[in-house]
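Colleague: return atomic coordinates for the entry below.
(chains A and B)
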Amino acid sequence: NAGVTQTPKFQVLKTGQSMTLQCAQDMNHNSMYWYRQDPGMGLRLIYYSASEGTTDKGEVPNGYNVSRLNKREFSLRLESAAPSQTSVYFCASSEAWWGGQMNTEAFFGQGTRLTVV
Amino acid sequence: AQSVTQPDIHITVSEGASLELRCNYSYGATPYLFWYVQSPGQGLQLLLKYFSGDTLVQGIKGFEAEFKRSQSSFNLRKPSVHWSDAAEYFCAVTGYSTLTFGKGTMLLVSP
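Modeller: A predicted model of the protein is given here:
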């Protein structure tokens, strides 16, 4: 059971280049998330998709776009990479909840280490 | 909006000694709380969760946590630490549509 799979695992970009981080889950979860992790900052939510066809901004959305391609896949795009986007990116998924407070746990991928030079 | 505070950035514990990692949360209603562990270069693994019921919850790897509403706390404990427990630990609380993390506590285990 693969769970949440992210590609690539490592990437080096030059400032101004674009790239897409891919994420797929095989748990039939409705909700998916993108977080970034920086030293001393914990994990901060970039974007999330509560269900197929919807996406919403999280805490740190600037410089990113997302696409919920289908129920399984949720991609994160950097249109013009900046050194401040050097980070470890995690995709996560969870079962659906209906309105109000999220009441299910999230499952995480192994992360993508991105360096922008 | 919800928030989580982990007051200790680093903690060093001797192998075999007991451990307590602190977590304080802020949320306007009944919180749903989690502890995750992250080994170097790895993703996050769920240790335990609290949704309702018994305020002392058991998790994997011998960890437990106690929810104290009066103190807005959800501290993680283990009676005897093993060298393999060295990792970063994150407390998290759910809010509307999202999961909010603390900044993490790095656990170092000394021989």
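Colleague: need the per-residue pLDDT for residue 66.
Modeller: Just going to use chain A. On pLDDT, A:V66 comes in at 97.
Colleague: if you could check chain B rather than the one you did, that'd help
Modeller: 96.
Colleague: which stretches of chain B have low pLDDT?
Modeller: The model of chain B has pLDDT under 70 over residues B:97.
Colleague: that should have said chain A, apologies.
Modeller: A:1, A:96-103.
Colleague: would you mind naming what in it lies close to chain B?
Modeller: A:4, A:33, A:35, A:40-45, A:48, A:50, A:56, A:58, A:90, A:92, A:94, A:100-103, A:105-111 (CB under 8 Å from any CB of the partner chain). Yep, even glycine has a C-beta here, placed from its N, CA and C like the rest.
Colleague: contacts only, for A:Y35.
Modeller: Neighbouring residues of A:Y35 by CB atoms under 8 Å, 6 or more residues apart in numbering or on different chains: A:L43, A:R44, A:L45, A:I46, A:G58, A:Y89, A:F90, A:C91, A:A92, B:F101.
Colleague: switch the cut-off to 6 Å
Modeller: A:L43, A:L45, A:F90 (CB atoms under 6 Å, 6 or more residues apart in numbering or on different chains).
Colleague: quick one: secondary structure of it?
Modeller: At A:Y35 the chain is in strand, as set by DSSP: H, G, I helix; E, B strand; the rest coil.
Colleague: who's it bridged to?
Modeller: For A:Y35, the beta-bridge partners under DSSP bridges are A:L45, A:F90.
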